[in-house]
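In: Task: produce atomic coordinates for the following.
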Amino acid sequence: MATLDIVRDVLVENLDLEGDAISAETLLADLGVDSLDMVELVCDLEERCEVELGELSDVATIGALVERIDALRA
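Out: Alright, predicted model coming up:
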């Protein structure tokens, strides 16, 4: 499964969002992701992708998040 699909699935499950509204260009802030949501998102993504993401304060878009995960998986 592509990383973007994994991120999309986690967002849909955690925030009850529509998956087709989430693209690489989507801003996390536009999805209403707050600090608590981000903690849950990070935990779920770390588990699913088997990576340690650490601090994501510099990640603004879904695409940047996917790139970070892919870089850690390489």
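
In: For the rest of this, base every contact and every neighbour count on C-alpha atoms.
Out: OK.

In: Check which helices and strands the longest helix seen in the chain sits against.
Out: Using DSSP state H, we find that the single longest helix of the chain is helix 35-49. Packing partners of helix 35-49 (3 or more C-alpha pairs under 8 Å, 6 or more residues apart in numbering; DSSP states H and E): helix 3-15.

In: Burial check on residue 13, number of neighbours?
Out: Residues contacting residue 13 under the criterion other C-alpha atoms under 10 Å number 13.

In: And it, what's its pLDDT?
Out: In this model, residue 13 is scored at 93, pLDDT.

In: List of residues touching the next helix or strand after the longest helix of the chain?
Out: Of the helices and strands lying after helix 35-49 in sequence (DSSP states H and E), the nearest is helix 62-73. Helix 62-73 is contacted by residues 3-4, 7, 22-28, 49-53, 59 when judged by C-alpha atoms under 8 Å, 6 or more residues apart in numbering.

In: If I take the longest helix of the chain and helix 3-15, what angle do their directions form?
Out: Angle of helix 35-49 versus helix 3-15, following axes from the mean of the first three to the mean of the last three C-alpha atoms, to 10 degrees, is 130 degrees.
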